[in-house]
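1. Fold the following.
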Amino acid sequence: MELVEYPDAEMMMMNLADKLASELKTCLLMQDHVSFAVPGGTTPGPIFDSLSGVDLDWGRVHVMLTDERWVPETSQRSNTRLLKERLMVDRAAQAVLVPLYAEAETPEEKLPDLAAALTPELPISVMLLGMGADMHTASIFPGADRLDHALNGDDRLVAMRAPGAPEPRITLSAKVLKAAINRHLVIVGTEKRAALEKARGLSPKEAPVAAILNGTTVHWAER
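-> From the prediction side, this is the model:
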């Protein structure tokens, strides 16, 4: 794990956007298309704002989420909605969305189709992850119903339900996360820094983020 500290979150978000854009450009020199996986939630919004205006061959960039809440795009809790409002605008409006949601009552009903659509995108070219104060990453939560399967199984996608998640989730498995060619984790605040340090001494079952720290660049700002 490499830890990069920044004076403030604003500088971190701008620098990280530049780093991600540079990695995408490098991958595009070698591949017909690149896959770019990003988290939902509130933290990455400023990164998306910066990236959306970057001069990049966005039509060859396939964007996907690392995880999704099983809610329609009309919901304020939809990560897909966040992508479309903050990242896939301006120049990045030409990017191709690889969905992690389809209309159905439960994620299990659409899991095979969504997993099949991921096949041509793997391994992921560039990945940005987030982490919760409970040390979850993507939607691999401590105490989740299929935690062991998400950490150790061979499936690309896993449907998850967890005490800390109000709705069912669908998440990339640890196997897919760890195989990403370029992998970054972004966190803000002293609480998450403490959680990161704690996770480094725990097992992935106790702290799922521990499963992906090896080989990951962690970006942190206090505020």
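
2. from here on, contacts and neighbour counts on C-alpha atoms
-> OK.

3. Run through who's touching the helix ranked longest in the chain.
-> Across the chain, the longest stretch assigned as helix under DSSP state H is helix 9-28. Applying CA atoms under 8 Å, 6 or more residues apart in numbering, the external contacts of helix 9-28 come out as 6, 34, 36, 44, 46-48, 50-51, 54, 56, 60, 125-126, 182, 188, 219-223.

4. Whichever helix or strand comes after that helix pairs with which strands, parallel or anti?
-> Reading on from helix 9-28 to the C-terminus, the next helix or strand found by DSSP states H and E is strand 34-38. Using DSSP bridges, strand 34-38 pairs in its sheet with strand 61-65 (parallel), strand 126-129 (parallel).

5. and the angle for strand 34-38 with helix 9-28?
-> Angle between the axes of strand 34-38 and helix 9-28 is 160 degrees (criterion: axes from the mean of the first three to the mean of the last three CA atoms, to 10 degrees).

6. Name the SS class of the residue lying closest to G143 once chain neighbours are set aside, please.
-> Spatial nearest neighbour of G143, chain neighbours left out: A162 (6.3 Å); criterion: CA to CA, 6 or more residues apart in numbering. At A162 the chain is in coil, as set by DSSP: H, G, I helix; E, B strand; the rest coil.

7. Near A162, how many other residues are there?
-> If you count neighbours by other CA atoms under 10 Å, A162 ends up with 18.

8. quick one: it and L147 touch, right?
-> No. Judged on CA atoms under 8 Å, A162 makes no contact with L147 at a distance of 9.0 Å.

9. list the residues that contact both of the two?
-> By CA under 8 Å, 6+ apart, the residues touching both A162 and L147 are F141.

10. circling back: I'd like to know which of the strands paired with strand 34-38 is closest to A92.
-> Of all those, strand 61-65 sits nearest to A92, with 8.8 Å by CA to CA.

11. average pLDDT for the closest one?
-> Mean per-residue pLDDT for strand 61-65: 98.

12. what does the helix or strand that comes right after that strand rub up against?
-> Once strand 61-65 ends, the next helix or strand along the chain (criterion: DSSP H and E) is strand 67-69. If you take CA under 8 Å, 6+ apart as the criterion, strand 67-69 is touched by 39-40, 77-80, 100-101, 138-139, 167-172.

13. Centre of the chain to strand 67-69, how far?
-> The chain centre lies 9 Å from the centre of strand 67-69; the measure is CA atoms, centre = their mean, to the nearest Å.

14. how about stretch 23-37: buried residues?
-> Neighbour-count burial for stretch 23-37 flags 23-25, 27-28, 33-37 (criterion: 16 or more other CA atoms under 10 Å).

15. Could you do stretch 56-72 as well?
-> 56, 58, 60-72.

16. burial count for R223?
-> 13.

17. Sorry, wrong one. I was asking about E85.
-> Residues near E85, counting by other CA under 10 Å: 14.

18. which other residues reach the longest strand along the chain?
-> Determined from DSSP state E, the single longest strand within the chain is strand 182-188. Contacts with strand 182-188, where a contact means CA under 8 Å, 6+ apart, come from 9, 23, 43-44, 124-131, 193, 215-223.

19. Narrow those to those in helices?
-> 9, 23, 193.

20. Check the gap between L157 and D90 for me.
-> 30 Å (CA to CA, to the nearest Å).

21. Show me which of the two is the more surrounded one.
-> L157 (24 against 13).

22. In contact with that one, which residues?
-> Counting by CA under 8 Å, 6+ apart, L157 has contacts 111, 114-115, 150, 170-173.
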